[in-house]
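Student: this one's sequence-less:
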């Protein structure tokens, strides 16, 4: 170990005073952890350092030696820090188990060559709260009454934590009316740590029924703690009451309907009166519902509910039970004669407007069927569907139009092969008429019996001219028609003869027309001569011949008649 002379030591002290750093560095350590206090942030080389010495402020401006290291020898001087300090290679002071009493100034003095330098460091110790919890929690809050909601405590912190109350994540601030916040800080005499307490008094409203209240602690160390959200029962008297119908959709006869009386008080009322439309009152305890079973149209009306303990407060609702009745006349199976009249009658008894749809044999009709004169084609199944909301009713009648058969047409035509005649008998009637012919033939076809109509066809090969009859009949009567059928050979001969006579007949018609024209000209000329002579004789004698005007008229008519014949 080298010993310094008195003059050398003096020189070192003077240099230390001249070179002492003017600024003081501040570092923050965490409570209970190891703290590294730097010596000039390691700006010098360890091999250049002759001696390192750490001092600390003992209070009242008194400095105490902590440790000295000269070359490789380390000497810890302070008994207070003997078990908690050590020296790092870069001359930093390592302080374990940092406590609040370590909040002081530590000074590093370095001797290198003939230079002495000091580096003071101010140490602060921070500690986040050990816990954050709410105590003295309220059981329930009465609406409009300021009540102590709870006490929030942030324990053992340094510096003291700041507490904030929140509702639905929004900070609360004291307003001197509905919100009061009382805060306090207590310091532990042993550890020096601070415990912050904050008490919230709160006047709740209905909107706070499901509100979430929390408290949070903010600390300079940057850590923030927050409690678990809590809710409170908000009590308030009933101000409104509402009668509800639980069952959804329109009510129809036979349904069950449940009424519910809902009150906004908290705690909610548990007993109610239910008032029926006819004045009956039903008392319900420990429940807020009442069920009416198998409702009818007579169940329609105004229903009410009220509180047992507060009679004047009530709520009402009108209920309508929908119903639908129909009566179709006639109905079932109906038999009518053709050409009779029929006017079905549909009567509807309903709680509202109903829609009527008619069909005939499952085909929709545009309007209600009415018959001034029934025909066979009017037969069929008539159905009506009456609908009103969820209700629907059906009714029907089967109409059968009956009557004696009538042959509408009896016709003939040549078969496709040219060797046969096809006779067609078309008839109407109901029930289906039977068809018989006066001659035998081959049955070609019988059409289906639809709308009272049937068509019967036979094929014949007549060798001579015939008169054929078709007879149709049923239980109501019969009808017969005849038709002349020529032989196939006669028709062929007549066709040929007709072809050869066409030229002669034409020539004869032309001759007749020419003769009539000549006769008309001759008669006109004779009439003109006669009239001339007649007028001359009268002029000479001055007499008027009796009957001359009549003869003139007859002659004019004769001429006109001949002219018309000539034109034909």
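Tutor: Here it is on my side, so go on. Since this is a predicted model, take the numbers as computed values, not measurements.
Student: Helices of the protein, residue ranges please.
Tutor: In the chain, the helices defined using DSSP state H lie at 6-19, 488-541, 548-567.
Student: Now the terminal residues of stretch 217-229, how far apart.
Tutor: 14 Å (Cα to Cα, to the nearest Å).
Student: my guess is residue 262 meets residue 307, correct?
Tutor: No - using Cβ atoms under 8 Å, residue 262 makes no contact with residue 307, being 11.4 Å away. Placement of C-beta: from N, CA and C, glycine included.
Student: Quickly list what's touching both of the two.
Tutor: Counting by Cβ atoms under 8 Å, 6 or more residues apart in numbering, the contacts common to residue 262 and residue 307 are residue 241.
Student: List of residues touching stretch 446-458?
Tutor: 338, 375-377, 379, 401, 422-430, 432-433, 435, 437, 441-445, 470.
Student: what comes up buried for it?
Tutor: For stretch 446-458, a neighbour-count test (16 or more other Cβ atoms under 10 Å) marks 452-458 as buried.
Student: tell me the mean pLDDT over that stretch?
Tutor: In this model, stretch 446-458 carries a mean pLDDT of 90.
Student: again, but for stretch 208-223
Tutor: 89.
Student: picking that back up, now list the buried members of the contacts of stretch 446-458.
Tutor: For the contacts of stretch 446-458, a burial check counting by 16+ other Cβ under 10 Å picks out 338, 376, 379, 401, 422-430, 433, 435, 437, 441, 470.
Student: Point out where the stretch 201-350 of the chain drops to low pLDDT.
Tutor: 248, 310-311 (pLDDT under 70).
Student: 50 - rerun?
Tutor: Residues of the stretch 201-350 of the chain meeting the criterion pLDDT under 50: none.
Student: Then the stretch 1-150 of the chain?
Tutor: 1-22.
Student: what about 80?
Tutor: Scanning the stretch 1-150 of the chain with the threshold set as pLDDT under 80 gives 1-23, 41-49, 71-72, 113-114.
Student: Show me the strands in it, by range?
Tutor: Secondary structure of the stretch 1-150 of the chain (DSSP state E, counting those that start in this stretch): strands at 25-30, 35-37, 51-59, 62-70, 73-76, 85-87, 93-95, 105-112, 115-126, 131-135, 140-142, 146-157.
Student: can you put those strands in TSV and add mean neighbour count?
Tutor: As requested, the strands of the stretch 1-150 of the chain are exported to TSV (neighbours: other Cβ atoms under 10 Å):
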stretch	mean neighbour count
strand 25-30	14
strand 35-37	19
strand 51-59	19
strand 62-70	15
strand 73-76	12
strand 85-87	17
strand 93-95	20
strand 105-112	20
strand 115-126	19
strand 131-135	16
strand 140-142	17
strand 146-157	20
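Student: So which of the buried ones among the contacts of stretch 446-458 sit within strands?
Tutor: 401, 422-430, 435, 437, 470 (DSSP state E).
Student: measure residue 277 to residue 319 for me?
Tutor: Distance from residue 277 to residue 319, counting by Cβ to Cβ, to the nearest Å: 8 Å.
Student: Comparing these two, which shows the higher neighbour count?
Tutor: residue 319 (17 against 14; other Cβ atoms under 10 Å).
Student: I'd say the more buried one and residue 300 touch.
Tutor: Yes - applying Cβ under 8 Å as the test, residue 319 and residue 300 come out as touching, 6.1 Å apart.
Student: Select from the helices of the chain the stretch with the lowest mean pLDDT.
Tutor: It's helix 6-19: among the helices of the chain, that one has the lowest mean pLDDT, namely a mean of 35.
Student: Verify the stated contact: residue 205 with residue 141.
Tutor: No - in this structure residue 205 lies outside contact range of residue 141 using Cβ under 8 Å: 9.4 Å.
Student: so which of the strands of the stretch 1-150 of the chain comes closest to residue 313?
Tutor: strand 140-142 (20.2 Å; Cβ to Cβ).
Student: what sits up against that closest one?
Tutor: Here strand 140-142 has contacts from 147, 149, 202, 204, 208, 232-236, using Cβ under 8 Å, 6+ apart.
Student: Can you name the two of these that sit furthest apart?
Tutor: 149 and 236 (16.4 Å).
Student: Quick one: which of the contacts of strand 140-142 is the most crowded by neighbours?
Tutor: residue 149 (26 neighbours).
Student: which residues does residue 135 form a beta bridge with?
Tutor: Note on residue 135: beta-bridge partners by DSSP bridges are residue 151.
Student: Against residue 272, how distant is it?
Tutor: Residue 135 is 40 Å from residue 272, by Cβ to Cβ.
Student: if I look at residue 205 and residue 141, which residues touch both of them?
Tutor: residue 234.
Student: Contacts only, for the residue lying closest to residue 297 once chain neighbours are set aside.
Tutor: Nearest residue to residue 297 in three dimensions, chain neighbours excluded: residue 323, at 4.5 Å (Cβ to Cβ, 6 or more residues apart in numbering). Listed by Cβ under 8 Å, 6+ apart, the contact partners of residue 323 are 252-253, 296-297, 349-351, 391.
Student: mind listing which of the buried residues of stretch 446-458 are in strands?
Tutor: In this view, the buried residues of stretch 446-458 that belong to strands under DSSP E are 453-458.
Student: My guess is residue 100 contacts residue 125. True?
Tutor: Yes - between residue 100 and residue 125 there is a contact under Cβ under 8 Å: 5.4 Å.
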